[in-house]
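> Sequence first, then the predicted structure:
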Amino acid sequence: MSKQVFIPRDSLNQALERLSSKMNVWVPAASGSNKCGSEFVPYRPDLIPLLNRQTTTPPKAVVFPQVETLLSYEYTKDPDNPSRVKIQLDDTSAGSPTLIFGARPCDARGFLLFDQVFTRGPFTDKYYRDRRENSYFATLVCLEWDSACFCSSVGSGPTDMEGSDLRVTPLKDGYLVEALNERAEPILSLMEGDVPTDAQQQDARKLQEEASRQRVGNVDLTRSATDFKGRFEDKAYWRAMVSQCLSCGVCTFVCPTCYCFSITDEMQGLKGERLRSWDSCMFFQYTLEASGHNPRPTRFERYRNRVGHKFSFIPEKYNGMIGCCGCGRCIRSCPVSIDIRRVVENLKENACVCA
Amino acid sequence: MFAHNPYRPELATVKEVIQETQNIRTLRVVLDDEERMRQFTFRPGQVGQLSVFGVGESTFVINSPPSCREYLQFSVMRTGEVTQRIHQLSPGDQIGVRAPLGNGFSFEDLKGKDVLFVGGGIGMAPLRTLLLHMIDHRSDYGDIMIIYGARSPQDLCYRYEFDMWKGGNVNLVLTVDSEFPGWNGRVGFVPTVLTEEAPAAHNRVAIVCGPPIMIKFVLFNLKELGFQDDQILTTLEKRMKCGIGICGRCNIGTSYVCLDGPVFSVEQLKGMVPEL
Amino acid sequence: MEASATTRLHQEVEASIGRLSTVLGWGAGYDPLHMTPLFVRSPEDIARLVWNPLCVQNLTGYLVKSPGVQPPEEGKKIGICVRGCDSRSLVALIQEKLISRENLYIIGIPCRGTVDIRRLMNESGLSNIRSVRIEKDLLIVDDANGAHNLPLERFLARRCLRCRHPNPVIHDVLLDEPVTPRTTAEDAYRDVESLEAQSLDQRRAFWSVELDRCLRCYACRNACPLCICQNRCIAETRDPRWLTQRVNLPEKFLYHFIHALHLAGRCTECGECERVCPMEIPVTLIKEKLNQITRDLLHYEAGLDPEAVPPLLTFNPAEAGI
């Protein structure tokens, strides 16, 4: 069986159509008329996949929805003693096969950190695990990057296929799709593409090689853990770096590796749900204690924690893994254009720190 | 309990409620699954998440002694949304429990040592479980001193069992912040009383829990008394959600208070980023 | 021309920095198209100040949002660069006694409009930008494909296209000659009017599609200089609990309409909420509608007169219509 197919540009939708009859398929598409950005949306027949630019939000929500139910509960009156209520709990969860088509290496890579946190710790998060095990990534060889991208700075790159199941190489008149592992092979057959010609294979190889030689991002941010600790108490440093921060949650919500969440209960009548929802370490309430004490009361401590989490705590905890995939979304979407690369790069003791 | 789903609480029923102070209540709860209740074990200092379904979860130390198999005890100060509702519970009400969580005290390392407990207000709760464990195994430990303070005599928890503690050959020093009619214990802040009592630091471990400001000055005074950083243990509080080291918020640098704590030695804390 | 505006800004700040503890302005950001707020705290920082149509942020919020700019030292003031729209935010903040005029040294900048950078990037086909120059009404961009002359007018932000007050309404010094407003008061609400020309169903569909994209990241709220509840915003508190963490449409609607209603009669239409939205939701439109009502019903325009009392911050039993 061939482990690669060629999908002509004008039959991409048919291939996605066939896939979507067997599984959930998410593809990048425009966010709406008059919008500059794009998002991952469930495939539908009239949709035009937008594969030539990074989406505004990563496909994080496909595997880790912004809100999900951890538990449902219901109070029922005890027939033997009507003044008493009994509680019933339901914690069922399930994943169904899902393909994320047209992710970029940075998008797929984000989940490598999620895997560590949600499935390799002392406790396993079954809600995440169930969806993750059912998720497949068909990832583009990335040919489009801009001044905010820096995947090579965090040990990745435009052809990095770690965490991906299929490689999609965009050619002039279509896409060469290759299965990178066994679980991806049934997906490849479902696409019913053409057998790639030698020329197509050569073109794809050439493109991949060219892209793999590109360095996206001109700094090395992979060894910042110690520098971070050295700067931890340097108030002037954080003031110089992030005085502009508005303490909004954009950077965390558009981040493929930001996973921190909140848990809240919601009731209606005698029924209710325990919800898990994306939270943001940029928010004051995130660490606010009932006593009123807050260990991270201002944007300076909060931003510092975000940098520390990604570039110091995670590497220390997970064997050098960087908690950042270099997608640049936090830079691009930041209302005040804070550049996390600069903040991390300047952690070095002798860096010139101008306001 | 966590093999399947660590977010799923076990159902439990409130057996007894004790009004400790004006804003602190102690709950004794029993897991509904009798088999689970029988098998339930924990280390002193470990915590549990109590759920009032529809309101939320909150973290409390299990302050019953590990030897007690009849119930799990939690002392709850009314401060926020969940604790407000916990205070409205009465015997027979059902709640959710996720426990045990966190590291607890490594009491094996304390054997053969003199012990100093320093507690303030609700901070006595995590100390109580270890104290009762030590009283249960009294011969394993040397001298035991407790310095426990609160704002007023009415703000001291567990008053009804002070005599029992003393009966366990424990030197209990009680103090309140200012003079009160009928009070014949000490008057003064905990750190000051600590300095006055001046327990010998040699071969002693100090276990400190209370409001942050108390901890700060107690640590300072312990140092003056000659206590080394590895001789001082404290239990920390942070806002928590998941309780299992995933949701992110209770970190101090790399450590999660819910998973790696809540018990830390001052030596450990010094190796962490200063962000309490 | 723009280079000289920056030069004049440098000269102005150099002359006044002795009397100022901090100066809020803009400086170069992560690429030639992006500027970032700059906090000038010493004379060495002055050279990094920039003024051009890419300086998009309203800086006035930094004066009031905790931890705000450090209070001025004895005998000194805080300097702040404001465009017309920003100056109106200052007026509103002064009216509400959140800042005091005496503490400020206001460097007014008559503004011909700022660029919608997202639209510029999307429509111009630029990539790997090397440099950007502004000459008269042209944006001259040098990118991987060579030099491009882009007419500024084509890429102005929506807020700038409907601007009635391009000249700072309060200032201690004006950096340039006043410019002619782009829009009359009559035309200012044409975007709202064209939306309102649609049927109820169409409008509901419009807002449903737009607001459904909301991430509840609260950038709109945090960038708003007049959203001052900050850490006590009902969007996040559990007590009172008006909103849940769910991300369904009713929650998002409620959040945005609470946000807008809290700004009724206060919003100066600086457009920051819309500019900062990562999902490009035209949220200022909601506030524009409220302002249109305020204008028609209460004959009031926010952020023009520091002495005036905003109509919803006062109560007059004799008021017509009550």
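Yep, it's here. Values in this document were obtained by computation on a predicted structure and should not be read as measured data.
> all strands of chain C, in order?
C:20-28, C:35-40, C:49-50, C:77-82, C:104-108, C:131-135, C:138-143, C:146-151, C:173-174 (DSSP state E).
> which bits of the stretch 151-300 of chain A sit near chain C?
A:243-244, A:246-250, A:252-254, A:262, A:264, A:266, A:275, A:277, A:280, A:283-285, A:288, A:298-300 (Cβ under 8 Å from any Cβ of the partner chain). C-beta: built from backbone N, CA, C; applies to glycine.
> Helices - which of these land there?
A:Val250, A:Thr252, A:Phe253, A:Arg299, A:Phe300 (DSSP state H).
> Most widely separated two among the residues you listed?
For those, the maximum inter-member distance is 20.5 Å, found between A:Phe253 and A:Phe300 (Cβ to Cβ).
> Comparing the two, which residue is more hemmed in?
Using other Cβ atoms under 10 Å in any protein chain shown as the criterion, A:Phe253 and A:Phe300 rank with A:Phe253 on top: 27 against 19.
> surely that one meets A:Thr57?
Yes - A:Phe253 is within contact range of A:Thr57, at 7.3 Å (criterion: Cβ atoms under 8 Å).
> shared neighbours, the two?
C:Leu215, C:Pro278 (Cβ atoms under 8 Å, 6 or more residues apart in numbering or on different chains).
> ok so A:Phe101 is a helix residue?
No - secondary structure of A:Phe101 (DSSP: H, G, I helix; E, B strand; the rest coil): strand, not part of a helix.
> What's the local residue count around C:Pro71?
Using other Cβ under 10 Å, C:Pro71 is surrounded by 11 other residues.
> for it, what are its contacts?
C:Asn103.
> Which residues belonging to stretch C:193-213 are considered buried?
By neighbour count on 16 or more other Cβ atoms under 10 Å in any protein chain shown, the buried set for stretch C:193-213 is C:Leu195, C:Trp207, C:Glu210, C:Leu211, C:Arg213.
> Strands of chain A, residue ranges please.
For chain A, the strands defined by DSSP E cover A:4-8, A:24-30, A:38-42, A:67-78, A:81-90, A:98-103, A:135-140, A:166-171, A:174-179, A:261-268, A:271-278.
> Deepest in the core, which of those strands is it.
Of all the strands of chain A, strand A:98-103 has the most neighbours on average by mean count of other Cβ atoms under 10 Å in any protein chain shown, namely a mean of 27.
> now the angle from that strand to strand A:166-171?
Angle, strand A:98-103 to strand A:166-171, by axes from the mean of the first three to the mean of the last three Cα atoms, to 10 degrees: 30 degrees.
> Direction included, what does strand A:98-103 pair against?
strand A:24-30 (parallel), strand A:135-140 (parallel) (DSSP bridges).
> least trustworthy helix or strand in chain A by mean pLDDT?
Ranked by mean pLDDT, DSSP states H and E, the weakest helix or strand in chain A is strand A:81-90, scoring a mean of 86.
> That one: partners in the sheet, and parallel or antiparallel?
By DSSP bridges, strand A:81-90 pairs with strand A:67-78 (antiparallel).
> Run through the residues that contact C:Phe253.
C:Phe253 touches C:Trp207, C:Leu211, counting by Cβ under 8 Å, 6+ apart.
> now do B:Lys270
Here B:Lys270 is in contact with B:Asp229 (Cβ under 8 Å, 6+ apart).
> so what pLDDT did it get?
The score at B:Lys270 is 94. That number is its pLDDT.
> in the stretch 51-200 of chain B, which spans are strands?
Here the stretch 51-200 of chain B has its strands, by DSSP state E, counting those that start in this stretch, at B:56-61, B:72-77, B:94-101, B:114-120, B:144-150, B:171-176, B:186-187.
> out of these, nearest to A:Tyr127?
Going by Cβ to Cβ, the one of the strands of the stretch 51-200 of chain B nearest A:Tyr127 is strand B:94-101, 15.4 Å.
> Skipping adjacent residues, who's closest to the residue of chain B found nearest chain A in space?
In chain B, the residue that lies nearest chain A is B:Gly248 (3.2 Å; Cβ to the nearest Cβ). Spatial nearest neighbour of B:Gly248, excluding adjacent residues (Cβ to Cβ, 6 or more residues apart in numbering or on different chains): A:Cys260 at 3.2 Å.
> I figured that neighbour was touching A:Asp279, is that so?
Yes - counting by Cβ under 8 Å, A:Cys260 touches A:Asp279, with 5.3 Å between them.
> any common contacting residues for those two?
A:Tyr286, B:Cys247, B:Gly248, B:Arg249.
> These, buried ones only, as a PyMOL selection?
Filtering these down to the buried ones (16+ other Cβ under 10 Å) takes a single PyMOL command:
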select buried, (chain A and resi 286) or (chain B and resi 247+248+249)
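> who touches the residue nearest in space to the middle of chain C in this structure?
Centroid-nearest residue in chain C, with Cα atoms, centre = their mean: C:Cys270, separated by 3.4 Å. By Cβ under 8 Å, 6+ apart, the residues touching C:Cys270 are C:Asn58, C:Cys85, C:Asp86, C:Arg88, C:Ser89, C:Arg159, C:Pro225.
> ok, the first one to B:Leu110 distance?
Note on C:Asn58: its distance to B:Leu110, by Cβ to Cβ, to the nearest Å, is 59 Å.
> ok, now how distant is B:Pro9 from C:Leu150?
According to Cβ to Cβ, B:Pro9 stands 60 Å off from C:Leu150.
> So which of those two has more stuff around it?
B:Pro9 (25 against 18).
> Excluding chain neighbours, give the residue nearest to that one in space.
Nearest one to B:Pro9, counting by Cβ to Cβ, 6+ apart, is B:Gly96 at 2.9 Å.
> ok, now which ones touch the one you found?
Neighbour list for B:Gly96: A:Ile87, A:Leu89, B:Pro9, B:Glu10, B:Leu11, B:Ala12, B:Gln49, B:Leu50, B:Ser51, B:Val52, B:Phe53, B:Glu57 [criterion: Cβ under 8 Å, 6+ apart].
> The residue in the stretch 151-300 of chain C that chain B sits nearest to - nearest residue in space that isn't next to it in sequence?
The stretch 151-300 of chain C approaches chain B most closely through C:Arg238 (5.2 Å), counting by Cβ to the nearest Cβ. Distance criterion Cβ to Cβ, 6+ apart; nearest residue to C:Arg238, sequence neighbours excluded, is B:Glu81 at 5.2 Å.
> Give me the neighbour count for the residue of the stretch 51-200 of chain B found nearest chain C.
Nearest to chain C, among the residues of the stretch 51-200 of chain B, is B:Glu81, at 5.2 Å (Cβ to the nearest Cβ). Around B:Glu81 there are 18 other residues, counting by other Cβ under 10 Å.
> Would you agree it is in contact with B:Gly56?
Yes - with contact defined as Cβ under 8 Å, B:Glu81 reaches B:Gly56; the gap is 6.4 Å.
> okay, and the common contacts of these two?
In contact with both B:Glu81 and B:Gly56: C:Arg238, using Cβ under 8 Å, 6+ apart.
> if I look at the residue of chain B positioned farthest from its centre, how far off is B:Ser152?
Here chain B reaches farthest from its C-alpha mean at B:Pro181, the gap being 28.8 Å by Cα atoms, centre = their mean. Computed as Cβ to Cβ, the B:Pro181 to B:Ser152 distance reads 11 Å.
> again with C:Asp191
63 Å.
> With neighbour numbers in mind, choose between those two.
It is C:Asp191, of C:Asp191 and B:Ser152, that has more neighbours when counted by other Cβ under 10 Å, with 17 against 14.
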